[in-house]
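> Give me the fold of what follows.
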Amino acid sequence: MSGVLAGLKVEMRFLHEEQAAKLAEQAAELLTIKSRANTTENHVNALTREGEVKRVAFSASLLTSGEATIGPFNTDINLIFRNVVTNVGNAYNPNTGFFTAPVRGTYHFEFYIGGHGHPSHANAAVLVKNGDPVFAAYDHQTSGFANSANGVTLLLEVGDVVFLRLPQNTRIYDNQNHQNTFSGNLLFIM
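Below you'll find the predicted structure:
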């Protein structure tokens, strides 16, 4: 009987060691799975943030209501497009008129201007990037209504600012028909 008992003790010790080895193996496998899950979660979060940043588009007109002729002034003034129709990503600020790039990428901008003809004053607007003029829309008629437009695709760095400026001695007119608009969108991240 003692021989059988000794054999059972050896067999139990062997089973215990085998179980301990399996538990250690399972613990190591669990750590690997947890590590992979954390990596996957971080990757998903990064892709989600990147996807949110990829959604940048705005479109605004000059006036929210009423009608007005803006200008002429004896100096350049920054135009503020207050009637925001779309502002996905909130990169356009309707209080300053500034679009600020949230991510390095290629952006496309379009602007349309209009105003009544005048013998001495043209209708004009200049797209400005970080204080430097890029493209202008310009039309000078002595009577009637004049329209002009322009657009540009720019590579912007994070924090670059784009806005429209009314050049000195020019003017534009806007009303409920929203003839003066400024729009932009992110084409792709660089």
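> Show me the helices in the chain, by range?
2-53 (DSSP state H).
> wait, what's in contact with residue 77?
71, 165-166 (CB atoms under 8 Å, 6 or more residues apart in numbering). The C-beta positions use only the backbone N, C-alpha and C, and glycine is treated the same way.
> so residue 71 makes contact with residue 174?
No: Residue 71 lies out of contact with residue 174 (CB atoms under 8 Å); the separation is 11.3 Å.
> Make a markdown table from the contacts of residue 77 and add distance to residue 122 and pLDDT to it.
Conversion of these to a markdown table gives the following (distance: CB to CB, whole Å; pLDDT from 0 to 100):
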| residue | distance to residue 122 | pLDDT |
| --- | --- | --- |
| 71 | 10 | 93 |
| 165 | 14 | 98 |
| 166 | 11 | 98 |
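> I'd like to know which of those is nearest to residue 17.
Checking the contacts of residue 77 against residue 17 with CB to CB, the nearest one is residue 165 at 80.9 Å.
> Check whether the closest one really touches residue 129, as I assumed.
No: using CB under 8 Å, residue 165 is not in contact with residue 129; the gap is 11.0 Å.
> For residue 151, which non-adjacent residue is closest in space?
Sequence neighbours aside, residue 110 is the residue nearest to residue 151 in space, at 4.0 Å (criterion: CB to CB, 6 or more residues apart in numbering).
> Okay, strands next: where are they in this protein?
Secondary structure of the chain, counting by DSSP state E: strands at 57-61, 68-70, 77-78, 83-88, 92-93, 98-100, 105-116, 123-129, 132-139, 145-156, 161-166, 172-174, 181-189.
> between those strands, which one is nearest to residue 24?
The nearest among the strands of the chain, by CB to CB, is strand 181-189 at 45.2 Å.
> What strands line up against that closest one, and which way round?
strand 57-61 (antiparallel), strand 105-116 (antiparallel) (DSSP bridges).
> tilt between the last one and strand 145-156?
Relative orientation of strand 105-116 with respect to strand 145-156: 170 degrees, computed using axes from the mean of the first three to the mean of the last three CA atoms, to 10 degrees.
> between strand 105-116 and strand 161-166, how many degrees?
Using the same axes, to 10 degrees: strand 105-116 against strand 161-166 is 10 degrees.
> so strand 105-116 versus strand 123-129, what angle?
Using the same axes, to 10 degrees: strand 105-116 against strand 123-129 is 160 degrees.
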